[in-house]
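Novice: have a look; sequence and predicted model below, questions after that.
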Amino acid sequence: IIVNFQINRPSIRVYHQGGKKSIGGPSVKANRIDQYFPNRPYDSNIFYSISAHIPPDICRRAQGKGTKIVSHINSFFYPAYRSDYKKRNIPISELHAMADYIVYGSNFARDAAEIYLGKPSAPYSIIYNSVDINLFKPFSIDKPFTILAIGVHYIQHRLKPLILAMPLIMKKYPNVHLLIAGPLVQGNGIF
């Protein structure tokens with residue numbers, strides 16, 4: 001029985017921390033990964049770590065035993081975010097440097113990562129963040145133009161530029177609406 005289990009075991013076994021109960025960004029990707037590759041924390045050959053949620057020391061030990069490391073870089077810390085951004089970036093930077101493959105959430109994430117985390121030494125792809133289309137569907141063409149800001153909003157610089165830009169956007173798109181989806185939460189005095 002043990003031999004048959006070993007033979008029939010899928011060749012790709014991913015530890016990714018499981019799907020998250022969130023509606024934005026990397027959580028949608030993690031939920032999708034979970035559909036095809038159920039979370040395997042104790043029997044995996046690939047670690048998929050989103051912004052270093054699987055700590056670098058654990059990834060380093062697993063990599064030493066042959067596990068491949070995929071670093072998903074969607075966000076990290078930078079000066080407008082927090083004054084201690086360099087310290088907070090250390091685990092993300094370590095994982096970024098050791099990764100066998102990198103997934104960036106956008107061109108911006110890739111470009112900014114080069115500045116704040118260093119140039120990637122591994123191959124990479126850009127897989128844009130998505131939304132759950134079961135929750136968010138496009139309106140018909142006769143509806144107003146809508147800008148969607150999605151996520152857990154606890155950092156002022158994510159929403160403030162959108163709000164300040166609305167008068168300029170309204171000049172070009174008079175029927176524009178700004179939809180903020182997700183909770184506004186307190187984040188250590190940031191917002």
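Specialist: Great, that's in hand.
Novice: just the pLDDT for the closest residue to Val14 other than its chain neighbours.
Specialist: For Val14, ignoring the flanking residues on the chain, the nearest one in space by Cβ to Cβ, 6 or more residues apart in numbering is Phe37 at 4.1 Å. For glycine as for every other residue, the C-beta is placed from the backbone atoms N, C-alpha and C. Note on Phe37: pLDDT of 82.
Novice: and if you look at Gly66?
Specialist: Predicted confidence (pLDDT) for Gly66: 93.
Novice: would you agree it is in contact with Ile46?
Specialist: No - counting by Cβ atoms under 8 Å, Gly66 does not reach Ile46; the two are 10.5 Å apart.
Novice: quick one, which of the two is more surrounded?
Specialist: Between Gly66 and Ile46, Ile46 has the larger neighbour count (other Cβ atoms under 10 Å), namely 18 against 7.
Novice: residues contacting the more buried one?
Specialist: Contacts here follow Cβ atoms under 8 Å, 6 or more residues apart in numbering; on that basis Ile46 touches 12-15, 67-70.
Novice: of all the residues you listed, which comes closest to Ala97?
Specialist: Each of the contacts of Ile46 was scored against Ala97 by Cβ to Cβ, and Ile69 proved nearest at 10.3 Å.
Novice: and the closest one, what are its phi and psi?
Specialist: phi -110, psi 120 (degrees, to the nearest 10).
Novice: again with the one 10 residues further on
Specialist: Pro79 has phi and psi values of phi -50, psi -40 when expressed as degrees, to the nearest 10.
Novice: where in this protein is pLDDT low?
Specialist: Within the chain, the ranges that satisfy pLDDT under 70 run 1-10, 18-26, 130-143, 157, 187-191.
Novice: which residue ranges form the strands in it?
Specialist: 14-15, 46-50, 68-73, 101-104, 124-126, 146-150, 177-181 (DSSP state E).
Novice: reformat those strands as TSV; add distance to Arg88.
Specialist: Output for the strands of the chain, formatted as TSV (distance: least, Cβ to Cβ, whole Å):
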stretch	distance to Arg88
strand 14-15	23
strand 46-50	15
strand 68-73	14
strand 101-104	19
strand 124-126	22
strand 146-150	23
strand 177-181	25
